[in-house]
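Colleague: Task: produce atomic coordinates for the following.
(chains A, B, C and D)
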Number of protein chains: 2
Amino acid sequence: MLRALGHPVRLGIMRRLAAEPETCACDFSDVFTLKQPTVSQHLKVLREAGLVTTRRRGTQICYSVQPGAIVEITDMLGALTAHPEPGPTHLPETARSSA
Amino acid sequence: MLRALGHPVRLGIMRRLAAEPETCACDFSDVFTLKQPTVSQHLKVLREAGLVTTRRRGTQICYSVQPGAIVEITDMLGALTAHPEPGPTHLPETARSSA
DNA sequence: TGCCTATATAGTCAGATGGCTAATAAGATG
DNA sequence: CATCTTATTAGCCATCTGACTATATAGGCA
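Modeller: Okay, the predicted model is just below:
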């Protein structure tokens, strides 16, 4: 998810979706001055990262922010400031799973 | 900053620093099975992103998480879930029907 | 001072990323 | 059913990233 947000266009898409939910895919091409397939690729990354949800409206597909995903990231980032506690709070460092 | 966190090794470094502050640079080479210069590059990215702070301790340089940076990211991400209607300001209805 | 350890930089190369055009698939609408 | 619009996928190529080795720099300590 962080990797998905690490690209300026994708972060811009998220911001746009936050400011104006239910934005259709075709709208982004104009906003970011990118060709439609390029936007589609970025939207796919965001979709597969679970950061956005889709809904069909007529011939268009509207995107919105998946609030749960943002909470998930925020929670994970908050753990970065948590002090080390003597308990099973910390995760194993052998996590090799990719998203 | 998000771009800096978007790499598994760098996120792992941040997690390690959260679990064990004041970790010296040489320690990461062993933890992540990477050569020393590679770790140094990642630490440089984190440093330039303002995500970590450094402190010299003898011959070593110890890294710690910069809490303010995490707050900054969290705050920015929180804005992604904020609705575009912060007050009684009326704006065009967009026919949002729940699925 | 001189050495020795720890860290940072330079340079290089394979592989990933991100943009495009062209073609395909999905679905609405007459 | 035919057609048209919209979205996705495929393939291509320039650029960036991230790993490495080799080298340079910084600073403590005998």
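
Colleague: For the residue in chain A that chain B sits nearest to, grab phi and psi.
Modeller: Going by C-beta to the nearest C-beta, chain B is nearest to A:Gly6 of chain A, at 3.3 Å. Where C-beta positions appear, they are placed from N, C-alpha and C, glycine not excepted. Per-residue torsions, A:Gly6: phi -80, psi 0 (degrees, to the nearest 10).

Colleague: Without its sequence neighbours, what residue ends up closest to it?
Modeller: Among residues not flanking A:Gly6 along the chain, B:Gly6 sits closest, at 3.3 Å (C-beta to C-beta, 6 or more residues apart in numbering or on different chains).

Colleague: Count the residues that sit near that neighbour.
Modeller: 16 (other C-beta atoms under 10 Å in any protein chain shown).

Colleague: Can you show me the helices along chain A?
Modeller: A:2-5, A:8-19, A:25-32, A:36-48, A:67-78 (DSSP state H).

Colleague: Tell me which of those helices lies nearest to B:Leu80.
Modeller: Comparing the helices of chain A against B:Leu80 with C-beta to C-beta, the closest turns out to be helix A:8-19 (4.5 Å).

Colleague: could I get the closest one in CSV with only the CA atoms?
Modeller: Taking Å, rounded to 0.1, in the frame of the first residue of the first chain, the C-alpha atoms of helix A:8-19 are listed here in CSV:
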residue,chain,number,x,y,z
PRO,A,8,2.9,11.3,-7.1
VAL,A,9,0.2,10.5,-9.7
ARG,A,10,-1.3,7.9,-7.5
LEU,A,11,-1.2,10.1,-4.4
GLY,A,12,-2.8,12.8,-6.5
ILE,A,13,-5.5,10.4,-7.5
MET,A,14,-6.2,9.6,-3.9
ARG,A,15,-6.3,13.3,-3.0
ARG,A,16,-8.7,13.9,-5.8
LEU,A,17,-10.9,11.0,-4.7
ALA,A,18,-10.9,12.4,-1.2
ALA,A,19,-11.9,15.9,-2.4
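
Colleague: From what I see, A:Arg16 and A:Thr23 are in contact.
Modeller: Yes: counting by C-beta atoms under 8 Å, A:Arg16 touches A:Thr23, with 6.1 Å between them.
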